[in-house]
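> no FASTA, just this:
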């Protein structure tokens, strides 16, 4: 039940891109990853998610026309 509430909150108020950035920043802060790894993880996820967002918007625009 608590997991569902947390998932609902995160889905509504935080984007996945922000959660990935926050998680990698915490790992960087605690020296679990270095700066190069932080950049690679952030760019890879943000880029992939950005492409997925663009594809979803394009598909929705095609359905409306």
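The structure has been received and is ready for your questions. Please read all numbers here as calculations on a predicted model, not as lab measurements.
> show the model's pLDDT score for residue 13.
In this model, residue 13 is scored at 67, pLDDT.
> just the one 10 residues further on next, same as before
The predicted structure scores residue 23 at 90 on the pLDDT scale.
> before we move on, which element is it in?
Taking DSSP states H and E as the definition, residue 23 sits inside helix 16-29.
> got the buried residues for that helix?
17, 20, 21, 24, 28 (16 or more other CB atoms under 10 Å). To be clear about C-beta, it is placed using only N, CA and C from the backbone, and glycine gets the same treatment.
> how about the residue lying closest to residue 20 once chain neighbours are set aside, secondary structure?
Excluding the flanking residues, the one nearest residue 20 by CB to CB, 6 or more residues apart in numbering is residue 45, at 4.5 Å. Under DSSP: H, G, I helix; E, B strand; the rest coil, residue 45 falls in the helix class.
> might you report the residue contacts of residue 45?
Listed by CB atoms under 8 Å, 6 or more residues apart in numbering, the contact partners of residue 45 are 16, 17, 20.
> report pLDDT for the residue nearest to the spatial centre of the chain.
When the chain is reduced to its mean C-alpha position, the closest residue under CA atoms, centre = their mean turns out to be residue 17, at 2.1 Å. Reading off the per-residue confidence, residue 17 sits at a pLDDT of 74.
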